[in-house]
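Visitor: After the sequence you'll find the predicted model.
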Amino acid sequence: MAETPELEPYAINIDDYERIVFGFPVWASNFAPPLRTFIKNTPVLATKKIAAFACQSGAGAEKALEKLKECIGIKEFEATLVLIDPLTNYDYKQGDMLVAFIKKLNEEKEQQKSAEYETKKSELEKIKESVKDRPSVTINQEHYGYLYKCKECNNEILIKTNEGRYGNLGPFNCPVCNAHYYATIDDGGPNPFLYVAKYGEQPASLLDSEGQKRSEKIPLLYQELSPS
Ligand SMILES: Cc1cc2nc3c(=O)[nH]c(=O)nc-3n(C[C@H](O)[C@H](O)[C@H](O)COP(=O)(O)O)c2cc1C
């Protein structure tokens, strides 16, 4: 079979794709001929990542996949999958094979993600190491870390807080001089902030009605990572 049947009109910009996944029924141990037309019409295919899955009733898919590789002009597929009449014969085994195929396609991305996670983790460890000797106070949980210079004793203290969108975290004391403060968090945007006010003052806004600064906006020092 080497026909190249005419295809229905279609419009794709192949430059938008880095991977093409071919799916086809096996016909006489070959791939279905419309794919051949598409391949002939799309000369850049050999520069893309190519994966393929074949559906068959009995045998011939391996041969068909070999022929497809040859037709595209590539040495290897990124991943392949052979299913037996999946429309009428779908079962857990074929489902698992499908999941494994998709996992293989995501492998590179997963590896990239875990490399990025490791980089972030070591950056976070460096920051935490650099402030490990500061007196610290924990409000609820240890998700965010902020450095704050106590207005009473001038010691730089590490304040660890939980997440909160926007809301009052509550009172806390300076771990060195015991000065009373009140903390409000704003982590609704991309740059979380902690607002610290002297205890007893209204902490939610930065300025009072006379324009006096009453709570200090503390930029985030670090944030714990969520599992990759
Ligand atoms: C013309 C033709 C040739 C086929 N040749 C094969 C074959 O060589 N080996 C095989 O296992 N199945 C063969 N089949 C069966 C299909 O590959 C199989 O039924 C496929 O899973 C169903 O795809 P479909 O639902 O798109 O027809 C053939 C089917 C047709 C129509």
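Guide: Noted; the coordinates are in hand.
Visitor: From here on, just use CA atoms for contacts and neighbour counts.
Guide: Will do.
Visitor: biggest helix in this structure, by residue count?
Guide: If you go by DSSP state H, the chain has its longest helix at helix 92-130.
Visitor: Beyond that helix, next helix or strand please.
Guide: strand 136-139 (DSSP states H and E).
Visitor: hang on, the earlier thing: how about the longest helix of the chain, which residues are buried there?
Guide: Within helix 92-130, the residues scored as buried using 16 or more other C-alpha atoms under 10 Å are 94, 98, 101, 104, 105, 117, 124, 128.
Visitor: same deal with stretch 166-180?
Guide: Quick answer for stretch 166-180 (16+ other C-alpha under 10 Å): 166, 167, 168, 169, 171, 172, 174, 175, 176, 180.
Visitor: so the last one sits right up against residue 152, yeah?
Guide: By that I understand residue 180. No - using C-alpha atoms under 8 Å, residue 180 is not in contact with residue 152; the gap is 9.5 Å.
Visitor: how about the buried residues of stretch 166-180, which pair is most distant?
Guide: The most widely separated members of the buried residues of stretch 166-180, counting by C-alpha to C-alpha, are 166 and 176 (27.5 Å).
Visitor: where along this structure do the strands fall?
Guide: Assigned by DSSP state E, the strands in the chain fall at 19-27, 30-31, 49-56, 80-84, 136-139, 144-149, 156-161, 166-173, 180-186, 193-198, 215-219, 222-223.
Visitor: May I see the buried residues of stretch 135-147?
Guide: 136, 137, 138, 139, 143, 144, 145, 146, 147.
Visitor: Considering the residues you listed, which is situated nearest to the ligand?
Guide: Comparing the buried residues of stretch 135-147 against the ligand with C-alpha to the nearest ligand atom places residue 143 closest, at 51.7 Å.
Visitor: Now do the contacts for that closest one.
Guide: 160, 161, 162, 163, 223, 224 (C-alpha atoms under 8 Å, 6 or more residues apart in numbering).
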